[in-house]
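[1] Okay, predicted coordinates and the sequence, questions at the end:
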Amino acid sequence: MFGTISLYPHKFVYKITKETFNSESYIDYLDNSLLKQMYKKNNRIFLIQDNASYHKKKEVFEWLSKSRKYIEVFFLPPYSPELNASERIWNFTRKNYTHNRFFASEHEHKITLENAFNELQNNVLKIESLTKSFL
């Protein structure tokens, strides 16, 4: 799963993918999910991301350089999950939906995560409460 949280306005975008996390699946997420759901005309997205290896691949940098009109990327320092707002979403999801639960199948786990993320997408106040320390 790829996910991005907007601090203002409070919004959460995600995409479940069967593909492994690599530059190709990440570019697909940026292009077909993030830009389509968060880009507003005459504005830019300022994306702050961690140091996952696929974030730093040549193909990703090439895509980003072609998309500078729409998106600009900044990297978090290595090993700093406390600075990553998306970590709040993952922690909330683990605590309230997946922790200490048995899933009979990968499909059941996926459905649980989709339900959690869909609830978050429709609950601006919850996103705000999870990320207020970043504002």
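    Structure received.
[2] buried set for stretch 56-63?
    Lys57, Val60, Trp63 (16 or more other C-beta atoms under 10 Å). All C-beta atoms are positioned from the backbone trio N, CA, C, and that covers glycine.
[3] Same question for stretch 116-129.
    For stretch 116-129, a neighbour-count test (16+ other C-beta under 10 Å) marks Ala116, Phe117, Leu120, Lys126, Ile127 as buried.
[4] I'd like to know how far the first one sits from Ser133.
    The one in question is Ala116. Ala116 is 21 Å from Ser133, where distance means C-beta to C-beta, to the nearest Å.
[5] so what pLDDT did the residue of the chain most remote from its centre get?
    Relative to the centre of the chain, the most outlying C-alpha is that of Ala104, 26.1 Å out, by C-alpha atoms, centre = their mean. At Ala104, the model reports a pLDDT of 97.
[6] That one is in what secondary structure piece?
    Per DSSP states H and E: Ala104 is located in neither a helix nor a strand.
[7] Torsion angles phi and psi at it?
    Backbone torsions for Ala104, taken as degrees, to the nearest 10, come to phi -70, psi -20.
[8] any chance you could map the helices in the protein?
    Taking DSSP state H as the criterion, the chain carries its helices at 23-29, 35-38, 58-66, 85-93, 106-121, 124-131.
[9] Ser6: which of those helices is closest?
    helix 35-38 (6.0 Å; C-beta to C-beta).
[10] Okay, buried residues for the closest one please.
    Buried residues in helix 35-38 (16+ other C-beta under 10 Å): Met38.
[11] Give me the pLDDT for the nearest residue to Ser25 once chain neighbours are set aside.
    Distance criterion C-beta to C-beta, 6 or more residues apart in numbering; nearest residue to Ser25, sequence neighbours excluded, is Glu19 at 4.2 Å. We have a pLDDT of 77 for Glu19.
[12] what about Glu19, how many neighbours?
    10 (other C-beta atoms under 10 Å).
[13] Could you do Tyr29 as well?
    By the criterion of other C-beta under 10 Å, Tyr29 has 21 neighbours.
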